[in-house]
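Novice: I need the structure of the sequence given here:
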Amino acid sequence: MERVYNFSAGPSMLPLEVLQRAQSELVSYGTSGMSVMEMSHRSKDYEAIIQTAEADLRTLMAIPDSYTVLFLQGGASLQFDMIPMNLMTGSKKADFVVTGQWAKRAVEEALKFGTANVVASSADKVFNYIPDLDSKTFSKDADYFHITLNNTIYGTRFTKLPEVGNIPLVADMSSSILAEQVDITKFGLLYAGAQKNLGPAGVTVVIIRNDLIGHEPENTPSMLSYAIHAKDKSMFNTPPTYAIYVMGLVFKWMLERGGVAVMQKINEKKAAILYNYLDNSKLFRGTVAKKDRSLMNIPFVLPTEELNEKFIKLAKQAGFVNLKGHRTVGGMRASIYNAMPVEGVHALVDFMDKFEGREFEK
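Specialist: Below you'll find the model as predicted:
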């Protein structure tokens, strides 16, 4: 069967070259005589896999030695609890900018451990913009300041980081990690679920500044302690071995193409193709404030729900799948992560143009 263009928000499409490499090594990895899925995580073969994956990620993101890289489980959702458990240990306060459903969830979980101060929110317009920030509303003694860098559901992103001084900036980067360059040293902690830009579901990347490790209460469960995971180099328990292996293949794929700077240029090109069409279409309309548009997740709508449903149905038949938007936004959403080729976006726009031309004939 011919592969489709998969615009899913996650789990999302993977590079074909990565899938083919994984396929070729599925039954027997290297000279091990076994699949990575069968391999002991304590074996030298697997130690090389996870150590190489970390080294390649450090290269891609220019992660300095003053930061620890952890490969954990539980998705970004578990980080909503691990972060306050490990970091909300001083004033027991943290500041949040609420720009979508996942940011709301982070606040809800943090409230179980201390005070969660919402300094700004874009809920008044269904999260279709990034709110302006007033530093006067920031907590002077916050243990951390939390943002969601890219909002998967609503298609917005921070183009400028908050000025938080010495307060550790914590960011959910699940749907934009490796899509554009960031200065790691601006953050105290970054975290990302893998199933969008990094690899298959099952592994979560946490990049944490070393001085933030080891301040959790004594009764913190071992599995939820950054200090314990850091001490055991992500091997406190059996890690999601195969997911980490495939993620490592994605890192190699990116390095072979020139790294994050090159991917960012490609992503900007892809986004421009679709946004330019939306801005000039008489039928389709983007839903996000132009200044805050995501490079990764692009929601758009048609004038009626009937047309939305018709478009999604016909698009699927034409090989463009998982375009249905989140229920809180409606319409469509095209997630164009690193693995989506430029020709996939061109093909989608061509199909949208044909749909627009035919619509008035119905």
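
Novice: Listing request: residues of the stretch 1-150 of the chain with sub-threshold pLDDT.
Specialist: 1 (pLDDT under 70).

Novice: actually the stretch 151-300 of the chain, not the one I typed
Specialist: For the stretch 151-300 of the chain, no range has pLDDT under 70.

Novice: can you give me the helices in it?
Specialist: Per DSSP state H, counting those that start in this stretch, the stretch 151-300 of the chain carries helices over the ranges 226-231, 241-256, 260-280.

Novice: Can you show me the strands along the stretch 51-200 of the chain?
Specialist: With DSSP state E, counting those that start in this stretch as the criterion, the stretch 51-200 of the chain has strands at 67-72, 93-98, 115-121, 144-148, 150-151, 156-157, 169-172, 189-193.

Novice: Please work out which of these is packed deepest.
Specialist: Most buried of the strands of the stretch 51-200 of the chain, by mean neighbour count (mean count of other C-beta atoms under 10 Å): strand 150-151, with a mean of 28. From N, CA and C alone the C-beta is placed, and that goes for glycine too.

Novice: thinking again about what came up before, which one of the strands of the stretch 51-200 of the chain lies nearest to Arg285?
Specialist: Smallest distance to Arg285 across the strands of the stretch 51-200 of the chain (C-beta to C-beta): 15.9 Å, for strand 156-157.

Novice: Which residues does the closest one contact?
Specialist: Applying C-beta atoms under 8 Å, 6 or more residues apart in numbering, the contact partners of strand 156-157 are 99-100, 122, 127-130, 149-151, 176, 288-289, 292-296.

Novice: one more time with 10 Å
Specialist: Residues outside strand 156-157 that contact it (C-beta atoms under 10 Å, 6 or more residues apart in numbering): 99-100, 122, 127-131, 148-151, 175-176, 179-180, 287-289, 291-297, 299.

Novice: Can you select the buried ones among those residues for me in PyMOL?
Specialist: Buried residues among the contacts of strand 156-157 (16 or more other C-beta atoms under 10 Å), as a PyMOL selection:
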select buried, resi 99+100+122+127+128+129+130+131+148+149+150+151+175+176+179+180+287+288+292+293+294+295+296+297+299
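
Novice: And the helices of the stretch 151-300 of the chain: which comes nearest Asn219?
Specialist: Going by C-beta to C-beta, the one of those nearest Asn219 is helix 226-231, 13.2 Å.

Novice: how about the closest one: buried residues?
Specialist: Tyr226, Ile228, His229, Ala230.

Novice: Just the CA trace of it, in CSV.
Specialist: Taking C-alpha atoms only, helix 226-231 is exported to CSV below (Å, rounded to 0.1, in the frame of the first residue of the first chain):
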residue,chain,number,x,y,z
TYR,A,226,15.2,13.6,38.9
ALA,A,227,18.1,13.0,41.2
ILE,A,228,17.7,9.2,41.1
HIS,A,229,17.2,9.1,37.3
ALA,A,230,20.2,11.4,36.8
LYS,A,231,22.4,9.3,39.1
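
Novice: could I get the strands of the stretch 51-200 of the chain as a markdown table with distance to Pro217?
Specialist: Shown next, in a markdown table, are the strands of the stretch 51-200 of the chain (distance: least, C-beta to C-beta, whole Å):
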| stretch | distance to Pro217 |
| --- | --- |
| strand 67-72 | 19 |
| strand 93-98 | 16 |
| strand 115-121 | 17 |
| strand 144-148 | 16 |
| strand 150-151 | 31 |
| strand 156-157 | 34 |
| strand 169-172 | 18 |
| strand 189-193 | 18 |
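
Novice: Relative to Asn276, which of these is closest?
Specialist: That would be strand 156-157 among the strands of the stretch 51-200 of the chain, by C-beta to C-beta, at 17.9 Å.

Novice: and the closest one, how far from the chain's centre?
Specialist: The chain centre lies 12 Å from the centre of strand 156-157; the measure is C-alpha atoms, centre = their mean, to the nearest Å.

Novice: Of the buried residues of helix 226-231, which is the nearest to Ala53?
Specialist: His229 (15.3 Å).

Novice: which residues does that closest one contact?
Specialist: His229 neighbours (C-beta under 10 Å, 6+ apart): 68, 70-72, 82, 206, 208, 213, 222-223, 235-237, 239.

Novice: one more time with 6 Å, if that's ok
Specialist: Applying C-beta atoms under 6 Å, 6 or more residues apart in numbering, we find His229 in contact with Leu70, Phe236.

Novice: just the one 10 residues further on next, same as before
Specialist: Shown in contact with Pro239 (C-beta under 6 Å, 6+ apart): His41, Phe71.

Novice: what does Ala192 give?
Specialist: By C-beta under 6 Å, 6+ apart, the neighbours of Ala192 are Met173, Ser174, Ile177, Val205.

Novice: just Ser139 next, same as before
Specialist: Lys93, Asp95, Asn117.

Novice: Quick check: which of the helices of the stretch 151-300 of the chain is buried the most?
Specialist: helix 241-256 (a mean of 21).

Novice: tell me what that one is packed against?
Specialist: Packing partners of helix 241-256 (3 or more C-beta pairs under 6 Å, 6 or more residues apart in numbering; DSSP states H and E): helix 16-24, helix 44-61.

Novice: Pick the most buried one from the ones you listed.
Specialist: Buried most deeply of the helices and strands packed on helix 241-256, by mean count of other C-beta under 10 Å, is helix 44-61, with a mean of 17.

Novice: Kindly check the end-to-end length of stretch 172-183 for me.
Specialist: 14 Å (C-alpha to C-alpha, to the nearest Å).
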